[in-house]
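Peer 1: Just a sequence and a predicted model for now, questions to come.
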Amino acid sequence: MRRLIGVGLALTSLFLALPPAAPSARQGRGVKAAAAVAAPPATFAAERAAAERITAEGMKEILYYIASDEMAGRNTPSPGLNKTAEFIAERLKKLKVKPAGDKGSYFQRIALSKTEVDREHSGAQLGERAFKLGQDFLAAGRVSGEAEGQVVYAGHGWVVRAKNIDPYQGLDVRDKIVVVSGDGVAPPQGLPLAGLRGTDWESPISYAQKNGARALVLVPRTFERRWRGAAFAGSRPSFTVPRLENMPSDDDAEEQQQPEQPAQGLVSIIPSRAMLDALFAGEPLDGAAVLGAATAAAGAAPPKGFALDASKRLRLALKLSVTEEYTQNVVGVLEGKDSALRQEYVALGAHYDHVGESPATGCRPVGADSICNGADDDGSGTTALLAMAEAFSKGPRPRRSILFVWHAGEEKGLWGSEYFTRYPTVPLKQVVAQLNIDMIGRSRKEGDTNPANRMLTGPDEIYVIGSRMMSTQLAELNERVNREYLNLKYNYHYDEPNDPERLFYRSDHFNYAKHGVPIIFYFDGVHEDYHRPGDSPDKIDYQKMQKVARTVFILASELANAPARPVVDKQIPADRMTR
Ligand SMILES: [Zn+2]
């Protein structure tokens with residue numbers, strides 16, 4: 001599961017309830033009626049038999065391999081991740097699961113752009129003072145080049161014509177280096193943008209480009225975090241997914257402001273606090289005020305722009321090399337037996353990547369052990385999906401098809417699921433539900449007083465997130481299956497989009513939900529070994545994994561055999577849901 005990233009985004013009226021849907025045949029079997037009587041042992045008889053192929057022992061064997069040091073923490077991209085992908089594909093082939101990636105393979109290839117900085121040939125100069133890349137400033141984009149000029153400060157840098165907001169009034173940015181409080185991509189909190197970019201509003205980046213500025217100095221809201229990250233990153237390359245950066249036509253205009261997206265076309269940097277202070281020494285605003293404007297609360301009056309002392313000339317040189325690399329989702333389909341319904345899919349998902357073996361990739365080392373094995377996160381989901389694929393392939397074939405997707409790059413920002421849902425290899429509209437399994441292998445032991453395990457679920461308990469957000473029927477079916485089967489304790493604590501932990505946004509199901517697919521996310525809770533080397537296969541509660549995987553298997557079977565797909569009766573508005 002992805003680390004929580006502070007975004008401070010106010011989400012209002014997230015869920016718009018629609019009138020209740022007509023009762024389906026499925027509901028006719030009666031949730032309330034079922035609750036009143038003891039579970040009849042014959043429920044799901046055939047499915048139970050198939051579910052029994054999902055065993056603690058079988059999963060233990062797989063997980064010990066996937067979470068071994070050999071995989072080096074399955075960072076995206078890495079040889080260990082590719083090896084894991086090959087392993088999954090091999091097993092799918094043996095199980096006769098149909099390849100459903102690109103060109104008849106199990107892999108959906110994802111091109112990555114890899115940026116490396118050349119410190120030797122990069123630097124900055126303000127008068128006599130020299131600044132070093134990595135120490136005094138960071139590259140904010142992927143543009144190499146040199147720029148020199150006088151400096152202007154443009155407040156938050158956003159122009160909104162309808163509101164008469166124009167921080168460039170009386171300023172000429174031509175041939176200048178422009179400083180803005182913000183990342184240049186995400187508008188300040190509380191600044192409404194409506195209409196067309198370029199006509200009704202303008203971002204600092206597009207304004208600078210159109211008006212002949214030479215470079216940008218960005219002071220993002222996430223300034224502190226960017227510098228903390230940089231301290232770890234050292235000289236390691238950074239990766240992005242180019243095909244996720246260009247907005248598809250079906251996404252709303254608001255989404256054009258992806259945070260952290262670097263400025264295209266212009267050399268852009270993020271200064272250190274010391275460089276910022278040097279730049280603004282003796283000016284109407286000092287470095288602290290410029291930074292303060294970037295992190296100001298919604299509605300705060302933005303500072304006015306001004307030209308800095310004309311004798312200050314800033315010179316920037318950035319040398320970056322950008323190359324291409326690849327990673328992949330692993331995708332397979334077990335075709336349903338019903339000739340019509342097999343065009344519909346019940347999707348099962350997990351992420352097979354993790355955070356590697358370095359603080360730069362998100363692994364928090366403890367002592368000498370530096371490999372984050374990711375047994376629970378999300379080796380447990382990866383393994384559960386393989387066990388379910390086996391149970392489905394050997395058991396009675398359901399009417400609908402089962403789609404298995406092992407996502408890559410989840411830890412980097414839900415890359416694999418965003419990629420799959422934007423470039424799906426099966427029609428997304430025909431995916432009736434997505435069940436996401438991310439961390440189901442750990443349980444809180446009795447008497448455990450470690451505060452880090454406070455929110456970890458017990459051996460018979462699991463967090464259920466998102467099941468009630470989009471489809472009442474899906475939520476009820478999930479409840480009924482559990483009640484009539486293993487009767488785990490479903491914990492709905494995090495089933496709430498405004499929860500401070502923001503779990504709904506932190507794993508792959510989120511991207512399916514964004515596209516209107518009803519989802520359920522199964523999750524065991526954050527624990528002491530989360531994103532640490534201690535998340536190892538010996539600490540997994542395999543009995544719990546078995547219980548949860550079997551339950552999800554029965555639910556998937558029921559969904560795949562139901563006469564009708566679950567009705568989506570609530571929508572998540574296309575909000576600016578920054579992860
Ligand atoms: Zn994680």
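Peer 2: Everything's here; your move.
Peer 1: Centre of the chain to stretch 53-62, how far?
Peer 2: 28 Å (CA atoms, centre = their mean, to the nearest Å).
Peer 1: Likewise for stretch 72-91?
Peer 2: Computed by CA atoms, centre = their mean, the chain-centroid distance of stretch 72-91 equals 19 Å.
Peer 1: How about whatever residue of the stretch 401-550 of the chain ends up closest to the ion: what's its closest non-neighbour residue?
Peer 2: Residue of the stretch 401-550 of the chain nearest the ion, by CB to the ion: Glu411 (5.1 Å). C-beta here means a position set from N, CA and C on the backbone, and glycine is covered the same way. Of all residues not flanking Glu411 in the chain, Val355 sits nearest, at 5.1 Å (CB to CB, 6 or more residues apart in numbering).
Peer 1: Tell me the bridge partners for the closest residue to Ser144 other than its chain neighbours.
Peer 2: Leaving aside its sequence neighbours, Ser144 sits nearest to Leu320 (CB to CB, 6+ apart; 4.8 Å). Taking DSSP bridges as the rule, Leu320 bridges to Val117.
Peer 1: Just give me the neighbour total for Leu320.
Peer 2: Using other CB atoms under 10 Å, Leu320 has 20 neighbouring residues.
Peer 1: quick one: contacts for the residue nearest to the spatial centre of the chain?
Peer 2: Nearest to the geometric centre of the chain sits Leu414, at 2.8 Å (CA atoms, centre = their mean). Leu414 is in contact with Arg2, His407, Ser507, Asp508, Phe510, Asn511, Arg579, counting by CB atoms under 8 Å, 6 or more residues apart in numbering.
Peer 1: Tell me the spacing between it and Glu128.
Peer 2: The gap separating Leu414 from Glu128 is 46 Å, by CB to CB, to the nearest Å.
Peer 1: what does Ala298 give?
Peer 2: Ala298 is 40 Å from Glu128, by CB to CB.
Peer 1: Glu57 should be in a helix, yeah?
Peer 2: Yes. Judged by DSSP: H, G, I helix; E, B strand; the rest coil, Glu57 forms part of a helix.
Peer 1: how much space between the residue nearest to it when sequence neighbours are not counted and Glu283?
Peer 2: Of all residues not flanking Glu57 in the chain, Tyr542 sits nearest, at 7.5 Å (CB to CB, 6+ apart). Distance of Tyr542 to Glu283, computed by CB to CB: 62 Å.
Peer 1: go on, Met71?
Peer 2: From Met71 over to Glu283 the distance is 52 Å, taken as CB to CB.
Peer 1: repeat for Ala154
Peer 2: Ala154 is 13 Å from Glu283, by CB to CB.
Peer 1: who's more crowded, those two?
Peer 2: Neighbours were counted for Ala154 and for Glu283 using other CB under 10 Å; Ala154 has more, 29 against 17.
Peer 1: which other helices and strands contact the longest helix anywhere in the chain?
Peer 2: Longest helix in the chain, counting residues (DSSP state H): helix 542-561. Other elements packing on helix 542-561 under the criterion 3 or more CB pairs under 8 Å, 6 or more residues apart in numbering; DSSP states H and E are helix 45-51, helix 56-66, strand 345-351, helix 381-394, strand 401-407, strand 431-437, helix 472-484, strand 519-523.
Peer 1: Only the buried residues of it, if you could.
Peer 2: 542, 544-561 (16 or more other CB atoms under 10 Å).
Peer 1: A strand includes Leu276, no?
Peer 2: No. In this structure, Leu276 is helix, not part of a strand, as judged by three-state DSSP.
Peer 1: which non-adjacent residue is nearest it?
Peer 2: With CB to CB, 6+ apart, the residue lying closest to Leu276 is Gly287, at 3.9 Å.
Peer 1: Over to Pro459?
Peer 2: In space, Pro459 is closest to Ser443, 4.3 Å off (CB to CB, 6+ apart).
Peer 1: how far away is the one you found from Leu285?
Peer 2: 53 Å.
Peer 1: Which of those two has more residues huddled nearby?
Peer 2: Counting neighbours by other CB under 10 Å for Ser443 and for Leu285 shows that Ser443 has the greater number, 24 against 18.
Peer 1: List the contacts of that one.
Peer 2: Leu456, Thr457, Gly458, Pro459, Glu461, Asp524, Asp541, Lys544.
Peer 1: Stretch 46-55: how far from the chain's middle?
Peer 2: 32 Å.
Peer 1: What's the mean pLDDT across it?
Peer 2: Averaging pLDDT along stretch 46-55 yields 95.
Peer 1: Look at it and report the distance between its end residues.
Peer 2: Using CA to CA, to the nearest Å, one end of stretch 46-55 lies 17 Å from the other.
Peer 1: residues of it that come out buried?
Peer 2: Glu47, Arg48, Ala50, Ala51, Arg53, Ile54, Thr55.
Peer 1: where are the low-confidence patches of the stretch 451-579 of the chain?
Peer 2: The model of the stretch 451-579 of the chain has pLDDT under 70 over residues 573-579.
Peer 1: So out of everything in the stretch 1-150 of the chain, what residue is nearest the ion?
Peer 2: For the stretch 1-150 of the chain, CB to the ion, closest residue to the ion: Met1, 4.1 Å.
Peer 1: can you count the residues close to that residue?
Peer 2: Using other CB under 10 Å, Met1 has 24 other residues around it.
Peer 1: what's the distance between it and Phe523?
Peer 2: Taking CB to CB, one finds Met1 at 7 Å from Phe523.
Peer 1: And for Phe239?
Peer 2: 26 Å.
Peer 1: quick one, which of those two is more surrounded?
Peer 2: The neighbour comparison of Phe239 against Phe523 (other CB under 10 Å) goes to Phe523, with 27 against 18.
Peer 1: On the three-state scheme, the residue nearest to the more buried one when sequence neighbours are not counted is what?
Peer 2: Spatially, and ignoring its direct neighbours in sequence, Phe523 is nearest to Tyr463 (4.5 Å; CB to CB, 6+ apart). Under the three-state scheme (three-state DSSP), Tyr463 adopts strand.
Peer 1: give me the number of residues near the residue in the stretch 301-450 of the chain positioned nearest to the ion?
Peer 2: Closest contact between the stretch 301-450 of the chain and the ion, by CB to the ion, is at Asp377 (4.0 Å). By other CB under 10 Å, the residues close to Asp377 number 33.
Peer 1: hang on, it packs against Met439?
Peer 2: Yes. Counting by CB atoms under 8 Å, Met439 is a contact partner of Asp377 at 5.1 Å.
Peer 1: returning to that earlier point: quick check, nearest of the contacts of Ser443 to Glu324?
Peer 2: Distances from Glu324 to the contacts of Ser443, taken as CB to CB, are shortest for Asp524 (36.6 Å).
Peer 1: Run the chain-centre distance for stretch 429-436.
Peer 2: Distance, centroid of stretch 429-436 to centroid of chain: 18 Å (CA atoms, centre = their mean).
Peer 1: Point out the residues in this protein that sit beside the ion.
Peer 2: By CB under 5 Å from the ion, the part of the chain that sits against the ion consists of Met1, Asp377.
Peer 1: shaky segments in the chain?
Peer 2: Looking at the chain by pLDDT under 70, you get 5-42, 232-235, 246-264, 573-579.
Peer 1: could you redo the last one with a cut-off of 50?
Peer 2: 6-40, 248-263, 576-579 (pLDDT under 50).
Peer 1: So Asn329: helix, strand or coil?
Peer 2: strand.
Peer 1: repeat for the one 3 residues further on
Peer 2: When the structure is split into helix, strand and coil by three-state DSSP, Gly332 lands in strand.
Peer 1: That one: what's it in contact with?
Peer 2: By CB under 8 Å, 6+ apart, the contact list for Gly332 reads Leu92, Val97, Lys98, Pro99, Ala100, Tyr106, Ala389, Leu403, Phe404.
Peer 1: Repeat the analysis, applying 10 Å as the threshold.
Peer 2: Taking CB atoms under 10 Å, 6 or more residues apart in numbering, we find Gly332 in contact with 88-89, 91-93, 95-101, 106, 348, 385, 389, 393, 402-406.
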